[in-house]
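[1] I'd like to go over a predicted model; first the sequence, then the structure.
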Amino acid sequence: MRIKALAILISITFIFPIVAAHGANEFAFIMRSKSIQPNGAEVLQNDSLVFYNVVSYNRTILVDSTKDGQHDLQCTTLSSNTSSVKDECEFWLNPDEWNPGTYQFDIFSNGSLWQTIEVIVILDEHEEAGPPQGYTFNLGNDVTQEGENNNKLEKKNTSERYLLYLAAFSASLGMVLTARRFSNE
């Protein structure tokens, strides 16, 4: 029975397309008594910024994430405490809410502006593999022939995709039948 389940799981992995992506990263800032380290960052959308307060007083971080001139996000850290996470603030750079660009994070200590850091948010771009932009094939073709060639290429890609699915299905079926044969013996 275990071999049968394993064969089914393997066959499912052949059927679904493979996708590559990167995980979200966490970028840390350490707020010391007279400095913050680092004093700026360049991060991707979907990353998180974490501010750690290592002094014995509270700090408040304000940012204008919508770039309308008003601080719309705020987080307050309590004084440093090793048994709690209340001495840290986290900002998740949700791609739906944070556009690429430069943002100012204002950090207040005891009610007055203590530090301002600059964070550059970069577009989290995932490109499909393929020819570079502007690449052309058969420069002698006119527009009509080029359109016909694109249609032929689309049909060829569709046919190749179906053949790949058929091959994956056949391999999966072969594994299931082999597993069934060994389980009956």
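    Yep, it's here.

[2] where do the helices sit along this protein?
    Assigned helices in the chain, in chain order: 2-15, 143-184 (criterion: DSSP state H).

[3] Average pLDDT for the last one, rounded please.
    Averaged across helix 143-184, pLDDT comes to 65.

[4] Repeat that for stretch 100-111.
    For stretch 100-111, the per-residue pLDDT averages 94.

[5] again with stretch 56-66
    94.

[6] If we go by neighbour counts, what in that stretch is buried?
    Using 16 or more other Cβ atoms under 10 Å as the test for burial, stretch 56-66 gives Asn58, Arg59, Thr60, Ile61, Leu62, Val63, Ser65. For the C-beta atoms, the positions are set from N, CA and C on the backbone; glycine is no exception.

[7] How many residues are close by Ala171?
    A count of neighbours around Ala171, defined by other Cβ atoms under 10 Å, yields 13.

[8] ok, now Leu177?
    11.

[9] Asn46 now?
    By other Cβ under 10 Å, neighbour count at Asn46 equals 18.

[10] Now for it: which residues touch it?
    Ala24, Trp92, Leu93, Asn94, Pro95, Asp124 (Cβ atoms under 8 Å, 6 or more residues apart in numbering).

[11] Nearest to Gly101 among these?
    Leu93 (11.2 Å; Cβ to Cβ).

[12] wait, isn't the closest one in contact with Val50?
    No. Between Leu93 and Val50 there is no contact under Cβ atoms under 8 Å: 11.6 Å.
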